[in-house]
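Peer 1: show me the folded form of this:
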Amino acid sequence: MTKALTIAPGDSVATLLEDGHAGDRIGDVVLTADVPRGHKVALTAVEADQPVVKFGFPIGRARRSIRPGEHVHSENLATGLSGTESYRYAPVAPPAPEPRSPATFEGYVRADGRVGTRNEIWILPTVGCVARTAERIAKQAGAALAGQVDGVHAFTHPHGCSQLGHDLDGVRAILASLACHPNAGGVLLVGLGCEENQVKELLAAIPPERHGAIRYLTAQFSTDEVEEGCALVAELAAQAACPRQTVGIDRLVLGVKCGGSDGLSGLTANPLVGRISDRVVEAGGRVVFTEVPEMFGAEQMLMDRAVDEGVFGSMVGVINGFRQYFIDHGEPISENPSPGNVAGGITTLEEKSLGAVQKAGRGIVTDVIGYGARIRKQGLTLLEAPGNDAVSSTALAAAGATAILFTTGRGTPLGFPVPTVKIASNSDLAARKPGWIDFDAGAVLDQGFVEAESMLLARICAIASGAPTAAETNDEREIAIWKRGVTL
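Peer 2: Modelled structure (predicted):
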């Protein structure tokens, strides 16, 4: 008997938890071909052009008639997505919170009440021309200040010049929001001097109450910009010194993200992260979710959780805005999943989306914010950003996430400005790539969600208290900014 999982009553497919072979059985169904782990097998007959159901929802339509026991994948399943959609406002009541014991971590309490999980000095170049300058300052200052702060890091990018309008505004918004982050005890802005993204305009986009933790230099007007930069970083580090304090998880701001998903991501890692999301939100904390194009096909279930009609309308605007973005560029909105997703068993965008949205748990959506904006409310916030791992994770950090829970079925070494907790959907990946993975969500299949949730929350609290993630150990810290306009 081959191990498989059926997620919801009425599903027409099951997902294999191990490699299956022709002649193997799943209950009364006999496999008609070899099927890899994470892929789908038909449990019932599905006629041509009829919906195939997983998670209790259609994940596409049959390209031809499908027999029980068949491998269900790209050759016989097609997306049903196209164009923009009309949505209904049909709010649902939130589920009752589960009784849970309180959890705490050791964080850095800032003057404004926010809590950081790191106390670092961040160096942000206004333009790509001084990216290497920023890196040299970070290297020299970091070595000199070892032990005084948790780290000195430069976050470089190729933007800030030859841009216009909203494209330049997006760069400035991301950098300004990063400059406000509670994980940064101080921020050094490094400008060139002739770029469009001028230091003074960037400063103007940062609230005045934050300016005391910010210094800046303009390289064209400095005799030795590296020496000057190191002196400014030392000044910031001296005023940033503070101890960690015990706080509850209500002071966490979590970003949730998936990348390189496989057929088990929607069964193990994503719903497990969803349970952590619920845990933090129920405690009074904040969770930010994004990857808007990876909601297509599952967006209505999120919209049903809008706190009011205004938030519902904002959700519709963001989601249909992304659909139109694809259309305006002459691209099909279903141009997803990626080759790695397909190899891992995901066939259509609907299937990917239904698994992906589980990271947001079951809570009420209390706010919707634009790209580059900072989180405003407790609860669950939808952030406008694409699905690209680096772009969306940078936007999560800029929004104020003090840690990112990043699920993956294929693996990736990438890290971002805040601790990025890599959560494997399967134990094979966790065993093969221990230098990338922080937690094995394959434990869900053996130990169940309750025990896995307890273990993951303990790991998150340890990381929030200073334990390094795999990405931090590997010095994987990057940003990427969404480029949407012309280049001059």
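Peer 1: what lines up beside the biggest strand by length in the chain in the sheet?
Peer 2: Longest strand of the chain, by residue count under DSSP state E: strand 184-191. The pairing partners recorded for strand 184-191 under DSSP bridges are strand 120-125 (parallel), strand 214-218 (parallel).
Peer 1: just after the last one, pick out the following helix or strand.
Peer 2: Read it as strand 214-218. Using DSSP states H and E, the helix or strand that follows strand 214-218 towards the C-terminus is helix 225-240.
Peer 1: which residues sit against that next one?
Peer 2: 119, 121, 123, 130, 133-134, 136-138, 140-141, 144-145, 148-149, 152, 185-188, 190, 212-213, 215-217, 219, 222 (C-beta atoms under 8 Å, 6 or more residues apart in numbering). The C-beta positions use only the backbone N, C-alpha and C, and glycine is treated the same way.
Peer 1: mind running it again at 6 Å?
Peer 2: Outside helix 225-240, the residues within contact range by C-beta atoms under 6 Å, 6 or more residues apart in numbering are 121, 133, 136-137, 140-141, 145, 148-149, 185-186, 188, 215, 217, 219, 222.
Peer 1: CA atoms of it as PDB?
Peer 2: Provided in PDB are the C-alpha atoms of helix 225-240 (Å, rounded to 0.1, in the frame of the first residue of the first chain):
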ATOM      1  CA  GLU A 225      34.200  58.200   2.000                       C
ATOM      2  CA  VAL A 226      35.200  54.800   3.500                       C
ATOM      3  CA  GLU A 227      37.000  56.400   6.500                       C
ATOM      4  CA  GLU A 228      34.100  58.900   7.000                       C
ATOM      5  CA  GLY A 229      31.600  56.100   6.700                       C
ATOM      6  CA  CYS A 230      33.400  53.900   9.300                       C
ATOM      7  CA  ALA A 231      33.400  56.900  11.700                       C
ATOM      8  CA  LEU A 232      29.700  57.400  11.300                       C
ATOM      9  CA  VAL A 233      29.000  53.700  11.800                       C
ATOM     10  CA  ALA A 234      31.000  53.800  15.000                       C
ATOM     11  CA  GLU A 235      28.900  56.700  16.200                       C
ATOM     12  CA  LEU A 236      25.700  54.900  15.400                       C
ATOM     13  CA  ALA A 237      26.900  51.700  17.200                       C
ATOM     14  CA  ALA A 238      27.700  53.600  20.300                       C
ATOM     15  CA  GLN A 239      24.200  55.000  20.600                       C
ATOM     16  CA  ALA A 240      22.600  51.700  19.500                       C
END
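Peer 1: what is the next helix or strand after it packed up against?
Peer 2: Later in the chain than helix 225-240, the nearest helix or strand by DSSP H and E is strand 245-248. With contacts taken as 3 or more C-beta pairs under 6 Å, 6 or more residues apart in numbering; DSSP states H and E, strand 245-248 sits against strand 104-109.
Peer 1: tell me how far the strand it packs on is from the chain's mean position?
Peer 2: 22 Å (C-alpha atoms, centre = their mean, to the nearest Å).
Peer 1: separate out the buried members of the contacts of helix 225-240.
Peer 2: 121, 133, 136-137, 140-141, 145, 149, 185-186, 188, 215, 217, 219, 222 (16 or more other C-beta atoms under 10 Å).
Peer 1: low-confidence ranges in the chain?
Peer 2: Counting by pLDDT under 70, the chain contains no low-confidence range.
Peer 1: repeat the analysis, applying 90 as the threshold.
Peer 2: Within the chain, the stretches with pLDDT under 90 are 1-2, 80-86, 90, 92-102, 331-338, 340, 485-486, 488.
Peer 1: just the helices from it, written as ranges.
Peer 2: Using DSSP state H, the helices of the chain run over 131-144, 165-179, 199-204, 225-240, 269-283, 299-303, 309-328, 339-343, 349-356, 389-399, 427-432, 443-464, 470-473.
Peer 1: which strands and helices sit next to the third one?
Peer 2: Helices and strands touching helix 199-204, by 3+ C-beta pairs under 6 Å, 6+ apart: there are none.
Peer 1: okay, it in CSV with CA atoms only?
Peer 2: Included here for helix 199-204 are C-alpha records, laid out as CSV according to Å, rounded to 0.1, in the frame of the first residue of the first chain:
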residue,chain,number,x,y,z
VAL,A,199,20.0,61.5,0.0
LYS,A,200,18.0,64.5,1.1
GLU,A,201,14.9,63.3,-0.7
LEU,A,202,15.4,59.8,0.8
LEU,A,203,15.7,61.4,4.3
ALA,A,204,12.5,63.3,3.6
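Peer 1: any idea how far it is from the chain center?
Peer 2: From the chain centre to the centre of helix 199-204 is a distance of 28 Å (C-alpha atoms, centre = their mean).
Peer 1: list the buried residues in it.
Peer 2: Buried-residue list, helix 199-204, by 16+ other C-beta under 10 Å: Val199, Leu202, Leu203.
Peer 1: domain ranges for this structure?
Peer 2: By the assignment in automatic domain parsing, the chain contains the domains 4-77, 120-241, 248-473.
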